[in-house]
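Engineer: Generate a structure from the sequence data that follows.
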Amino acid sequence: MDSLLKRTERELILTRELKAPREKVFAAWTDPARAAQWWCPTDCTLLSCEMDVRPGGKWHRRMRVPDGSVIAKYGVYREVEPPARLVFTYATDYGNGTVDPETVVSLTFAEVPGGTRLTLWHSEFQDVAVRDSHIGGWTTALESLKAFCGEGQ
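Structural biologist: Take a look at the predicted model:
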């Protein structure tokens with residue numbers, strides 16, 4: 001079952017049921033070659049994906065957005081517990097001097113019959129508008145993750 005839950009104005013929670021073992025789903029989030037195949041909103045083009053997946057390690061993605069500009073998403077890993085949990089900071093640099101305040105993404109990977117339940121908890125948003133601006137990107141990226149993990153095969 002896929003769902004979108006909004007608990008407060010400062011957090012966004014999404015869940016996805018994936019028909020893949022949690023080790024495969026966790027690897028999709030932690031192997032840059034795998035992440036580069038799905039971790040981008042469908043209306044954007046991923047230009048680079050770098051990851052140093054360890055507590056204190058950094059991640060960085062660059063993407064071309066629909067208006068043709070290039071933005072960067074980046075952060076630092078806080079927790080890495082294969083294959084159960086991943087926590088990292090998350091910020092966006094729009095390339096025009098505007099940088100979103102840092103937020104935090106926590107992921108859990110739970111075994112369920114037939115696969116994995118992924119829960120994404122994106123927190124510490126400034127307000128509802130900023131939170132809601134992330135719904136479309138996360139929703140389409142998670143649909144790409146489902147396809148990458150073999151959904152429908």
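Engineer: Tell me the secondary structure at the residue nearest to Pro101 when sequence neighbours are not counted.
Structural biologist: Leaving aside its sequence neighbours, Pro101 sits nearest to Gln126 (C-beta to C-beta, 6 or more residues apart in numbering; 5.9 Å). For every residue, glycine as well, the C-beta is placed using N, CA and C. Following DSSP: H, G, I helix; E, B strand; the rest coil, Gln126 is assigned to coil.
Engineer: Tell me the spacing between Gln126 and Asp100.
Structural biologist: Computed as C-beta to C-beta, to the nearest Å, the Gln126 to Asp100 distance reads 8 Å.
Engineer: The two: which has the busier surroundings?
Structural biologist: Ranked by neighbour count (other C-beta atoms under 10 Å), Gln126 and Asp100 place Asp100 first, with 17 against 12.
Engineer: residues of the lengthiest strand in the chain that come out buried?
Structural biologist: Secondary structure of the chain per DSSP state E: the longest strand is strand 70-81. Neighbour counts over strand 70-81 (16 or more other C-beta atoms under 10 Å) mark Ile71, Ala72, Lys73, Tyr74, Gly75, Val76, Tyr77, Val80 as buried.
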